[in-house]
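Novice: fold the stuff below for me.
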Amino acid sequence: MKRLAGTALGSLACVVWAGCGGEQPLSRAEYVKQADAVCAKSNKAIEEAGKRLGNGRPDEAAVEKFVKEDVIPMTEKRVADLRDLAVPEGDAEKLDKIYDSLDEALKKVEGDPIAIIKSGKDPFEDAGKQAADYGMKVCSSG
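Specialist: Numbering: from 1, shown residues only. Just a heads-up that it's a prediction; the model follows:
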């Protein structure tokens, strides 16, 4: 019984202080691999949803509905999933800037999805550039 209690206390200490044979910090390369997988999944979901718009040129109402009901929620989920990944040591500030930039772009799109589309300016360009500079490929391209 003492042995079991000692093992249980040792396990509890590991959980509380994370001081027992814990995981190695995530490398940047592994983080990029995981982040790009999140973005690939999100891109695929958005592309699938976009098929509902058809092959022709959709009207503004259909585009606005697509952006509000699909693009925005899926992009918000992407950002949340990216923020949930374990961060490589020393990179938290860089990654926060990327994801804060995504949040800012989302606010612009939410404010007026049609105006953003008509302007021809990509509100996600800055976040994409930052992601590319960090080493992400999928997350920086769409």
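
Novice: buried ones in stretch 135-142?
Specialist: 136, 138, 139, 140 (16 or more other C-beta atoms under 10 Å). No exception for glycine: its C-beta is placed from N, CA and C like everyone else's.

Novice: contacting residues around the last one?
Specialist: Yep, that's residue 140 we're talking about. Shown in contact with residue 140 (C-beta atoms under 8 Å, 6 or more residues apart in numbering): 128, 129, 131, 132.

Novice: longest helix of this structure, counting residues only.
Specialist: With secondary structure taken from DSSP state H, the chain has its longest helix at helix 28-50.

Novice: ok, for residue 27, nearest residue in space, not its chain neighbours?
Specialist: residue 88 (6.2 Å; C-beta to C-beta, 6 or more residues apart in numbering).

Novice: where does that neighbour sit: helix, strand or coil?
Specialist: For residue 88, the secondary structure call by DSSP: H, G, I helix; E, B strand; the rest coil comes out as coil.

Novice: list the contacts for it?
Specialist: 25, 26, 27, 28, 30, 31 are the contacts of residue 88 under C-beta under 8 Å, 6+ apart.

Novice: next one: phi and psi at it?
Specialist: Main-chain torsions, residue 88, degrees, to the nearest 10: phi -60, psi 150.

Novice: going forward, count from 54.
Specialist: Fine by me, first position is 54 from now on; the one you just mentioned is residue 141.

Novice: look up how far residue 188 lies from it.
Specialist: 11 Å (C-beta to C-beta, to the nearest Å).

Novice: next: residue 110.
Specialist: Computed as C-beta to C-beta, the residue 110 to residue 188 distance reads 36 Å.

Novice: fine by me, we can end here.
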